[in-house]
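S.K.: here is the input, now give the coordinates:
(chains A, B, C, D, E and F)
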4 protein chains.
Amino acid sequence: MVTEHRPGSSRRSERSRQAILGATRALIAEVGYAKLSIEAIASRAGVGKQTIYRWWPSKGAVVFDAILALSEQSPGEPVALPDTGDLEADLKQVVRATVAEFSDPAFDAPIRALTTELVHDAELAALYEKRVAAPVDEAKKERLRSAQRAGQLRADADLDLVLDLLYAPVFRRWLLRTGPLTAEFADAVVEATVRAFSPAAG
Amino acid sequence: MVTEHRPGSSRRSERSRQAILGATRALIAEVGYAKLSIEAIASRAGVGKQTIYRWWPSKGAVVFDAILALSEQSPGEPVALPDTGDLEADLKQVVRATVAEFSDPAFDAPIRALTTELVHDAELAALYEKRVAAPVDEAKKERLRSAQRAGQLRADADLDLVLDLLYAPVFRRWLLRTGPLTAEFADAVVEATVRAFSPAAG
Amino acid sequence: MVTEHRPGSSRRSERSRQAILGATRALIAEVGYAKLSIEAIASRAGVGKQTIYRWWPSKGAVVFDAILALSEQSPGEPVALPDTGDLEADLKQVVRATVAEFSDPAFDAPIRALTTELVHDAELAALYEKRVAAPVDEAKKERLRSAQRAGQLRADADLDLVLDLLYAPVFRRWLLRTGPLTAEFADAVVEATVRAFSPAAG
Amino acid sequence: MVTEHRPGSSRRSERSRQAILGATRALIAEVGYAKLSIEAIASRAGVGKQTIYRWWPSKGAVVFDAILALSEQSPGEPVALPDTGDLEADLKQVVRATVAEFSDPAFDAPIRALTTELVHDAELAALYEKRVAAPVDEAKKERLRSAQRAGQLRADADLDLVLDLLYAPVFRRWLLRTGPLTAEFADAVVEATVRAFSPAAG
DNA sequence: TCTTAACCGAGACGGTACGTCGGGTCTTCAC
DNA sequence: GTGAAGACCCGACGTACCGTCTCGGTTAAGA
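M.R.: Prediction:
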């Protein structure tokens, strides 16, 4: 993957590809990202090293695909967020979900690994933005636009900024462990953000 | 360092220590964090590898000290933030300064390196929190308390939350390159945050 | 080849066969025998690897055929040696020719390669003996028998021994570079051998 | 070795050196020269690969040293050949000994390996000539000179030529397996050679 | 004339070994 | 007596080839 993967169009072995991605996920969980080696992935997957080097340019790219293969959206199937009409309640639900995901030990190690890759590889980061983040962000913005139409959010609010205010604090507390990452914290962030962009204010 | 460094109290060679930290900084800038090696540091510093292993437990710890040695506060000398009486203006000044620092190419590579270490090493992260972040955060909170006393900020505002709202968006945009990191962005974040915790609101 | 090659009797592509043998000779000359690889032969010959593996059992066998294809006798056409009636002069001529062949740089590398194969592969050596050496040796012995009839050589001389005395010193000097390989040396070897088996002596 | 080995003068580990040479000899006997790998030598010797690469430039050089370490003369202790006064009998004894050595399966594989190296590496061949062959040849020539003084050998005989006639046939039969390698063959070669250079003849 | 099966170029695959880099430990020697 | 120098064992790197195995695409027998 990394670039598009076209099933059936090449002689690439789908069996090997899945074995590699699976072994990569297993090893990240077992030994951590820093001690992950191509050699161990190949061995665990029952695959020659060359088969990895043939299809991925770097260890980071393998990790990237291994993790994305888990969360990849079915193409064309748009992400949908709850829209009960109550913006604050809906946002609390999704931010709490994010907090819960970050708190799940099964996700922690791989996502840290992925994040490390993105920090040091701008190209990979751009690909991640395009393939994963953008669709999700668009869904979130759509919910915010719905709130704008309902008069629950300033009409002139910069939606990228709103998303930053909502998610960056959660992301940073998780990444750097600078404070407790709880549902209460999620709620407080949402409340503050909604307040900041309330039509009544200002 | 990492643990306390007591100048003069041991037989440790200060000359070697400085050479190692300097070589580390130079190499991070030259070859990047990923390709930084203890051997290269020792060779560049004109030092035996053992001299590094004797005093630091890991490569991360060396990098940590190398970067901290640059920004270390003189002990006992508290950080002071501007307090003109205008909270929003004062905050814009300090957040803009943060943005400027992140935008400086000379700081970018080493800070990314340090951040990567903190992400994967909770112990180092705690030390960083204690030695670097806490004093600065305390200074920022002091400015916020001053604003509370002046009636420019809600008296019951959770100051940790306020700091998260102020700094996390900047940090995340820098780390993941998810959007432009400009003075305008800094201003917008400050305005939104101040609005969220304005005494008039809610 | 190695075993018989029957042109026309199979679907084997003569074009591919020639391309493989030619590429093998070219590569032995270019990179030497030690660095010769099947992949390189296939690539140079514009041939799939399988086509080589289909028809030859080992790299040695390909090299063997590649070199033999150069020197192969037309079947049925016996080798003939000069027979002027003067044994010593005739032998000097053929041993000098052998020395000249060994001294030709174009022959040196391939013959060393072939010799290495024969040293380590008894089966190939037997085949070489049968296909190449035996006919030539028989021609040489015929000349010696002629000399016996002419009373220039002991009637009871062991002809295999005579040939060993004549050729082994030249072969060894060439292979191990233990001394100068000149026409004078060839002459000296012939003179000593003829003397050793002179009817007058003993 | 290969170049001089100066015990005690460097930090080189004699224990590792001996383990490597021993493992090399064992593996040549077990799997043959063609399948001998540096990796296997290192593993068997309980040594890092780098320790081999640090001290030897090639696999051939290791093999060379491994075999030479067996036959190396004590420096200063000259080789002595039998001198009973009967040249032919004495020569038969030493050539028979050579035949016996070649026939010993324990020597066959390693000496073939060494010979292959010498064929393809002129530098190594020169070193072998200087370190091993020359002293032995000199001893043989001394015996021949003794025979010259005793009137059993032509005074003007080229001793290098005599040695070639004596040893090359044995060497070639062994290397290429072109005929039986027996004590009778050794005797016949000696008899012919002695005859060729008999003072009475010519 | 039309199958049809062997042969072909191509190259992916699971592997072994290469020669190099660097990790962290341990020893030696010069200052 | 410290500390630079660097040898040591080890693990992993990324590459080259090994010999096997499909893949489609000719191509030449024989039906």
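S.K.: report the spatially nearest residue to A:Ala100, omitting neighbours in sequence.
M.R.: Leaving aside its sequence neighbours, A:Ala100 sits nearest to A:Ala183 (Cβ to Cβ, 6 or more residues apart in numbering or on different chains; 7.9 Å). Yep, even glycine has a C-beta here, placed from its N, CA and C like the rest.
S.K.: okay, now that neighbour: neighbour count?
M.R.: Neighbour count of A:Ala183, defined by other Cβ atoms under 10 Å in any protein chain shown: 14.
S.K.: pLDDT wise, what is the residue of chain A found nearest chain C at?
M.R.: Nearest residue of chain A to chain C, counting by Cβ to the nearest Cβ: A:Gln50, 13.0 Å away. For A:Gln50, the model assigns a pLDDT of 97.
S.K.: check A:Ser58 too.
M.R.: 91.
S.K.: state the pLDDT value of the residue nearest to A:Ala100.
M.R.: 97.
S.K.: distance of it from A:Val99?
M.R.: 6 Å (Cβ to Cβ, to the nearest Å).
S.K.: any idea how far A:Leu165 lies from chain D?
M.R.: 54 Å (Cβ to the nearest Cβ, to the nearest Å).
S.K.: how many other residues sit next to that residue?
M.R.: A:Leu165 has 26 neighbours, counted by other Cβ under 10 Å.
S.K.: close enough to count as contact, it and B:Val189?
M.R.: Yes. Counting by Cβ atoms under 8 Å, A:Leu165 touches B:Val189, with 7.3 Å between them.
S.K.: overlap in contacts, those two.
M.R.: Common contact partners of A:Leu165 and B:Val189 (Cβ atoms under 8 Å, 6 or more residues apart in numbering or on different chains): B:165, B:169.
S.K.: chain center to the host helix or strand of the residue of chain A closest to chain C: distance?
M.R.: If you go by DSSP states H and E, A:Gln50 is part of helix A:49-55. Averaging C-alpha positions (Cα atoms, centre = their mean, to the nearest Å) puts helix A:49-55 26 Å from its chain's average.
S.K.: please see if it touches chain D.
M.R.: No. Counting by Cβ under 8 Å from any Cβ of the partner chain, no contacts exist between helix A:49-55 and chain D, the nearest distance being 15.2 Å.
S.K.: who are the packing partners of that helix?
M.R.: helix A:14-31, helix A:38-45 (3 or more Cβ pairs under 8 Å, 6 or more residues apart in numbering or on different chains; DSSP states H and E).
S.K.: which one of these lies nearest to DNA strand F?
M.R.: Of all those, helix A:38-45 sits nearest to DNA strand F, with 3.3 Å by Cβ to the nearest atom of the strand.
S.K.: okay, now A:Ala69: neighbour count?
M.R.: 16.
S.K.: re earlier: count the residues that sit near the residue of chain A closest to chain C.
M.R.: 9.
S.K.: per-domain residue ranges of chain A.
M.R.: A:14-71, A:87-196 (automatic domain parsing).
S.K.: let me have those domains in JSON lines, adding distance to D:Leu91 as columns.
M.R.: Shown next, in JSON lines, are those (distance: least, Cβ to Cβ, whole Å):
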{"stretch": "domain A:14-71", "distance to D:Leu91": "58"}
{"stretch": "domain A:87-196", "distance to D:Leu91": "75"}
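S.K.: before we move on, back to that, nearest to chain D, of the helices and strands packed on helix A:49-55?
M.R.: Nearest of the helices and strands packed on helix A:49-55 (Cβ to the nearest Cβ): helix A:38-45, 14.1 Å.
S.K.: apart from its chain neighbours, what residue comes closest to A:Val79?
M.R.: Nearest to A:Val79 is A:Ala139, by Cβ to Cβ, 6+ apart, at 3.9 Å.
S.K.: from A:Ile52, how far off is A:Tyr128?
M.R.: Separation of A:Tyr128 from A:Ile52 (Cβ to Cβ): 20 Å.
S.K.: with A:Ile67 instead?
M.R.: Taking Cβ to Cβ, one finds A:Ile67 at 16 Å from A:Ile52.
S.K.: go on, A:Ala19?
M.R.: Taken as Cβ to Cβ, the span from A:Ala19 to A:Ile52 is 10 Å.
S.K.: higher neighbour count, those two?
M.R.: More crowded of A:Ala19 and A:Ile52, by other Cβ under 10 Å: A:Ile52, with 22 against 18.
S.K.: who's in contact with the more buried one?
M.R.: Contacts for A:Ile52 (Cβ under 8 Å, 6+ apart) come out as A:20, A:38, A:41-42, A:62.
S.K.: save those as JSON lines, and put in distance to chain C and neighbour count too.
M.R.: Putting the contacts of A:Ile52 into JSON lines (distance: Cβ to the nearest Cβ, whole Å; neighbours: other Cβ atoms under 10 Å in any protein chain shown) gives the following:
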{"residue": "A:Ile20", "distance to chain C": "24", "neighbour count": "25"}
{"residue": "A:Ile38", "distance to chain C": "23", "neighbour count": "16"}
{"residue": "A:Ile41", "distance to chain C": "25", "neighbour count": "26"}
{"residue": "A:Ala42", "distance to chain C": "21", "neighbour count": "20"}
{"residue": "A:Val62", "distance to chain C": "26", "neighbour count": "24"}
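S.K.: columns pLDDT and distance to B:Ala122 on top of those residues, output as CSV?
M.R.: Below are the contacts of A:Ile52 laid out as CSV (pLDDT from 0 to 100; distance: Cβ to Cβ, whole Å):
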residue, pLDDT, distance to B:Ala122
A:Ile20, 97, 30
A:Ile38, 97, 27
A:Ile41, 98, 26
A:Ala42, 98, 30
A:Val62, 96, 25
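S.K.: looking at those, which is nearest C:Thr84?
M.R.: Using Cβ to Cβ, A:Ala42 comes nearest to C:Thr84 of the contacts of A:Ile52, at 70.1 Å.
S.K.: how near is the closest residue to that closest one other than its chain neighbours to D:Arg54?
M.R.: Among residues not flanking A:Ala42 along the chain, A:Lys49 sits closest, at 4.6 Å (Cβ to Cβ, 6+ apart). The gap separating A:Lys49 from D:Arg54 is 26 Å, by Cβ to Cβ.
S.K.: do A:Leu81 as well
M.R.: From A:Leu81 to D:Arg54 the distance is 62 Å (Cβ to Cβ).
S.K.: now do A:Asp158
M.R.: Taking Cβ to Cβ, one finds A:Asp158 at 62 Å from D:Arg54.
S.K.: compare A:Leu81 and D:Arg54 and say which is more crowded by neighbours.
M.R.: A:Leu81 (17 against 10).
S.K.: ok, that one touching A:Asp137?
M.R.: No. Checked against Cβ under 8 Å, the pair A:Leu81 and A:Asp137 is beyond contact range at 11.0 Å.
S.K.: got the phi and psi for the closest residue to DNA strand E within chain A?
M.R.: Of the residues in chain A, the one nearest DNA strand E is A:Gly48, at a distance of 2.8 Å by Cβ to the nearest atom of the strand. With angles defined as degrees, to the nearest 10, A:Gly48 sits at phi -70, psi 150.
S.K.: cool, A:Asp83 as well?
M.R.: Dihedral angles (degrees, to the nearest 10) for A:Asp83: phi -140, psi 80.
S.K.: can you tell me which residues contact it?
M.R.: A:90, A:143, A:146.
S.K.: please, which helix or strand holds the last one?
M.R.: Here A:Ser146, judged by DSSP H and E, is contained in helix A:134-149.
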